[in-house]
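>>> Return a 3D structure for these sequence lines:
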Amino acid sequence: MSEIITVTMDEFEAEVRHLMEEDSLTFVRAVWAVMDDLTDATLRSQEGGNPLACRSGCSFCCYQPVTATAIEWEEIKRYFRSLPRLERREILARARPWVIAWRKYHEEKAPHAPRRSSPAADQIRLHLDWRGKPCPFLSKQGACSIYPVRPMDCRTMTSTVTCTIWDGQEGIKRFRFPWELWGNQMVLEEQERKGGRMEVTPLLHWLHLLDAEKK
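Have a look, this model is predicted:
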């Protein structure tokens, strides 16, 4: 990928604020929109067309614990609740076995976790244990059922090759463009400003909490 659109972080932030004011977008939606516009413009400018291999139905990266911040989850919930009732029921039916498996995983793992295990070590273990298991929002056709509100974890992972292995494959990259880093940092800072932690949580855990609220 040879050239990208020239833009500064200040200009990126200014455009986010502009969309919030002019289009009445939420902060998270505005960040996503500016990121998407810049990425689309960059890809259109490439000689030979879009160099990315990412397409609908290409779901290799969806088979791992996909995460989201709390403020992103609020956008996902809002979008999900706007879907037709039948579509919501189908999504929940596909997700429920994995939410149950998630709950059992933590119930079984907790008593055996090392007493001095660090948060970083816990995250690595969780990622390895859940690698190969689908995102709860992945459809039977291998498409994302919440694509317009997919979290940063999805938006900032791209590949110029068809993904076939988990580690070490050339062409796969996180934060390919500078605005992806800026947007990610802005969302984390906004979450902290609202009283939350600068951290992400697996979608399965958010769904587990949502399921618990209904009981």
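>>> Strands of the protein, residue ranges please.
67-68, 157-159, 172-174, 201-202 (DSSP state E).
>>> Out of these, flag the one nearest Cys54.
Nearest to Cys54, of all the strands of the chain, is strand 157-159, at 5.6 Å by Cβ to Cβ. From N, CA and C alone the C-beta is placed, and that goes for glycine too.
>>> And the contacts of the closest one?
With Cβ atoms under 8 Å, 6 or more residues apart in numbering as the test, strand 157-159 has contacts from Leu52, Ala53, Cys54, Cys61, Gln169, Gly171, Ile172, Lys173, Arg174, Arg176.
>>> returning to that earlier point: next, format the strands of the chain as CSV and append distance to Val187 and mean neighbour count.
CSV is the format used below for these (distance: least, Cβ to Cβ, whole Å; neighbours: other Cβ atoms under 10 Å):
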stretch, distance to Val187, mean neighbour count
strand 67-68, 10, 22
strand 157-159, 15, 20
strand 172-174, 15, 15
strand 201-202, 13, 18
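>>> now those in a markdown table, with distance to Thr42 and mean pLDDT?
Formatted as a markdown table, the strands of the chain follow (distance: least, Cβ to Cβ, whole Å; pLDDT from 0 to 100):
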| stretch | distance to Thr42 | mean pLDDT |
| --- | --- | --- |
| strand 67-68 | 24 | 96 |
| strand 157-159 | 11 | 94 |
| strand 172-174 | 14 | 93 |
| strand 201-202 | 30 | 94 |
